[in-house]
Structure formats: C-alpha cells, structure tokens
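Student: Sequence and predicted structure below; questions after.
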Amino acid sequence: MSMKYVAENGLVLLGCGKMGGAMLQGWLAQGLPPASVSVIDPNPSDWLRGTGVGINGDLPANPAIVLIAVKPQMMGEALPVLAAMGNGATLFVSVAAGTPIAAFEAALGAQSPIVRAMPNTPAAVGRGITAIIGNAHASAAQVDLAEMLLRAVGQVVRLEGEDQMDAVTGVSGSGPAYVFHMIECLAAAGEAQGLAPTLAMQLAQATVAGAGALAEAADETPAQLRVNVTSPNGTTQAGLEVLMDPQNGLPPLMRKTVAAAADRSRELGNG
C-alpha cells in the first residue's frame, strides 16, 4: 500500500483544523493529487479552498483511508456516510485525542480496520511525533499505510497496546505545552536578572530549540550532554543543583505533571 494506492482509491479527511491542515499540507507536498482528497469541514479555510481538494462534496464509496480529526460526538451528519464504509476494506485513522478505538468500533462497525494515532502540535512545522496502534482488524499493510501518511508531519512510533496511549498523551501529546511554559519561565527568570523582556525571550526560545536539536542530533544521551557542559563548581553546576533537587526540583515536578495529564487522559477515555 503506497501513496499511489491512496491516490487511486481516495482519501477522506474529516475535520481540517490545525492538525488536519498540517497533515494535508504534508501529503500534497509529497505528491498526493488534490483530486483524490475529499475534505469534510463545516468552516473550510481560504487555504483549504485554494488547494484544489474536494470540499463537502460527494465521497468515494470505498476510499483507501478515512482520517478522522474530530471526536465521534463531533462527527454528526458525517457519521452515517462514514459508517456505510465500515466493516470493509477502508482504513479509518483517528487522531482524535482521548477517544478509544472501541468508540470508533461502536460508531463505524466492529469489523472496521482502525488505527488510533496521537500526534502533537509540532506537526504544524513537520516536527511532530505520533504514536500509533491498530485494532485487530487493521492489517500490517494498513498500519504501514497509516505510518506513511503520518510521517508527513514528523516521526512515528508504534505502541504495543492501546493502554500505553494515556502515558504517551502525558509525555508527547501534552509535552509541547510543558516546553512552551519552560520557555516562559526561563525568559521570566532572565527578566528577573535584569534583561529586557524581548532579549530574555529570544535567549530562552533559541536555547530550548537549540538544545532540543542538539539532543536529537548528538550520539550522546541527554544526560551525557548535560555532564559535558557542567564544569566543576561552575555556573551550570550551581544552577543544576537547584533544578535537579530530588525533593523540590524538576524531577518530582515533571513526574507529577505527566501523571496528572495521563490520569486525565484515562478519565476522558473512560467517559
């Protein structure tokens, strides 16, 4: 199953907000013909109208893939149309947060091949990471197809079970917001040390982005990179002694942060 298979059989995108739009942009850039894409969205953007894809029109009867970027309760009028494609060869890929595979099996038919995916917001700049898991009816080729499509917006990892999705949500799903807040805090701390707000923010943003890029590119672990820049009794060590405090520093705070997000994901999944 390839982009050619998708182009020949059609792709339906339900919901073209930020995430749906980022993915669509990636697919079109990779050569998916706009004519093979059908988008269902109540408020199509000017960008979407200019792409040449089908918008709120007739859908192919048996598309290769239906990508669902809205929650089942938001599927509304589209649900009966999509349910008619269920229990067949059409693969459904959901990027709807906090929605278990069972909810889609109930809505679309228990025999439907379904892949649940958890992307994150850096997908908007092609730097996302998405975790995927298929149901029993999703073939190996269909999970490969879902991975290929989601790679348009960044890296893809496969989970062993759907129960891992809550932890993934707590780490990578919600994680970008933690990092944004870290940038805010780093900039505010620079201001407290006498720097102008604009300068403090530029330093904080570039530092976090640069350190992230270095951590990804380097052969060493993040722990080793940290050790490499920490000279004995130097400035970095003085700062890290506060940040790494096992009682009051970042380690317990980050554990509690991720646990709170994962717990909330579990609550939402259980309705």
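Tutor: That came in fine, so what should we check first? If you're wondering where the values come from, they're calculated on a predicted model, not measured in any experiment. Residues are numbered from 1 along each chain as shown.
Student: Could you check how far stretch 212-224 is from the centre of its chain?
Tutor: 22 Å (CA atoms, centre = their mean, to the nearest Å).
Student: Residues contacting that stretch, please?
Tutor: Residues from elsewhere that reach stretch 212-224, judged by CB atoms under 8 Å, 6 or more residues apart in numbering: 179, 225, 228. C-betas here are computed from N, CA, C, even on glycine.
Student: Got the confidence number for the closest residue to residue 118 other than its chain neighbours?
Tutor: Spatial nearest neighbour of residue 118, chain neighbours left out: residue 131 (4.8 Å); criterion: CB to CB, 6 or more residues apart in numbering. Here the pLDDT value assigned to residue 131 is 97.
Student: Could you dump the contacts of stretch 212-224 into a markdown table and include neighbour count and secondary structure?
Tutor: Listed next are these as a markdown table, based on neighbours: other CB atoms under 10 Å; DSSP: H, G, I helix; E, B strand; the rest coil:
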| residue | neighbour count | secondary structure |
| --- | --- | --- |
| 179 | 13 | helix |
| 225 | 15 | helix |
| 228 | 10 | helix |
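Student: what ranges do the strands span in the stretch 1-150 of the chain?
Tutor: Applying DSSP state E, counting those that start in this stretch to the stretch 1-150 of the chain gives strands spanning 11-14, 37-40, 54-55, 65-68, 91-94, 114-118, 128-134.
Student: Adding mean neighbour count, write those out as CSV.
Tutor: CSV is the format used below for the strands of the stretch 1-150 of the chain (neighbours: other CB atoms under 10 Å):
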stretch, mean neighbour count
strand 11-14, 24
strand 37-40, 24
strand 54-55, 18
strand 65-68, 26
strand 91-94, 28
strand 114-118, 26
strand 128-134, 23
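Student: okay, those strands in a markdown table with distance to residue 164 next?
Tutor: Formatted as a markdown table, the strands of the stretch 1-150 of the chain follow (distance: least, CB to CB, whole Å):
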| stretch | distance to residue 164 |
| --- | --- |
| strand 11-14 | 25 |
| strand 37-40 | 30 |
| strand 54-55 | 36 |
| strand 65-68 | 20 |
| strand 91-94 | 16 |
| strand 114-118 | 10 |
| strand 128-134 | 7 |
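Student: helices or strands up against the helix or strand bottoming out on mean pLDDT in the chain?
Tutor: Every helix and strand of the chain was ranked by mean pLDDT, DSSP states H and E. The lowest is helix 72-75, at a mean of 70. Helices and strands touching helix 72-75, by 3 or more CB pairs under 8 Å, 6 or more residues apart in numbering; DSSP states H and E, are helix 101-108.
Student: And the contacts of the helix it packs on?
Tutor: 68, 72, 75, 79, 82-83, 85-87, 92, 94, 112, 114, 116, 133, 135, 162.
Student: ok, 7 Å please
Tutor: For helix 101-108, contacts defined as CB atoms under 7 Å, 6 or more residues apart in numbering pick out 72, 79, 82, 83, 86, 92, 94, 112, 114, 116, 135, 162.
Student: So what's the residue count around the spatially closest residue to the fourth one that is not a sequence neighbour?
Tutor: Computed as CB to CB, 6+ apart, the closest residue to residue 83 that is not its neighbour in sequence is residue 108, at 5.4 Å. Here the neighbour count serves as a burial measure; for residue 108 (other CB atoms under 10 Å) it reads 26.
Student: Thank you kindly, that will do.
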